[in-house]
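# Generate a structure from the sequence data that follows.
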Amino acid sequence: MGKRLAKKELLQEIRLERGKLDDLLKQLTPRQMTRVGATMAGWSVKDILGHLIGWQKMDFVWLAAGKQGTVPELPAPGFTWKDIRALNEQIYRAHRRRSLNAVLADYASHHQQMLEMIDQVTDSELVTTGHFNWTGTTWTLSDYIRANTASHYRWASKHIRKFIKAQVKS
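The predicted structure is shown next:
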């Protein structure tokens with residue numbers, strides 16, 4: 001079970017963590033953002049942002065299916081929760097050859113779409129277990145959104161912070 005948050009608290013946490021991540025990104029040049037080595041897997045900062053985009057896209061699909069009363073394939077078509085590494089690899093491959101400008105544009109637009117999506121749901125839809133048939137009995141829509149925004153922003157910030165420190169040393 002996640003830390004389900006009502007809309008106000010969820011938006012506050014998302015904005016806080018996104019602000020921290022954006023502050024780190026401002027410290028990097030475009031060349032640094034495309035340099036490999038920001039993660040143990042060799043991803044660049046651009047690849048990390050592509051990862052965030054990929055997971056946020058899934059939130060949009062999941063909520064749309066829930067609003068239509070259908071059950072999406074979780075976490076993505078052809079994948080189970082046990083296949084997260086393979087899914088993350090697919091997301092990486094989908095974004096690795098894209099330009100930095102294209103990834104940055106999607107990073108910005110997906111964030112805005114996420115805020116708009118949250119604004120369009122009620123607190124009840126966000127925090128009630130089982131409200132959507134795909135959320136199950138232990139996680140809520142808020143938990144899924146939080147995992148793919150604020151929590152993911154913290155994860156990204158941790159890797160980027162280490163990457164920045166390594167750049168200073170070299």
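# What about residue 120, how many residues nearby?
By the criterion of other C-beta atoms under 10 Å, residue 120 has 10 neighbours. For the C-beta atoms, the positions are set from N, CA and C on the backbone; glycine is no exception.
# contacting residues for the nearest residue to residue 135 once chain neighbours are set aside?
Nearest residue to residue 135 in three dimensions, chain neighbours excluded: residue 141, at 5.9 Å (C-beta to C-beta, 6 or more residues apart in numbering). Applying C-beta atoms under 8 Å, 6 or more residues apart in numbering to residue 141 gives the contacts 63, 66, 121, 125, 126, 127, 131, 132, 135.
# what ranges do the helices span in this protein?
Using DSSP state H, the helices found in the chain span residues 7-25, 30-33, 45-68, 84-95, 100-120, 123-127, 141-148, 150-169.
# Just the local confidence number for the residue lying closest to residue 115 once chain neighbours are set aside, please.
In space, and not counting its chain neighbours, residue 115 is closest to residue 11: 7.0 Å by C-beta to C-beta, 6+ apart. We have a pLDDT of 97 for residue 11.
# Run a quick neighbour tally on residue 11.
Other residues lying near residue 11 total 18 when counted by other C-beta under 10 Å.
# ok, now residue 77?
Residue 77 sits with 8 neighbouring residues when counted by other C-beta under 10 Å.
# Show the backbone phi and psi for it.
Phi and psi for residue 77, reported as degrees, to the nearest 10, are phi -50, psi 130.
# Quick check, pLDDT for it.
On pLDDT, residue 77 comes in at 96.
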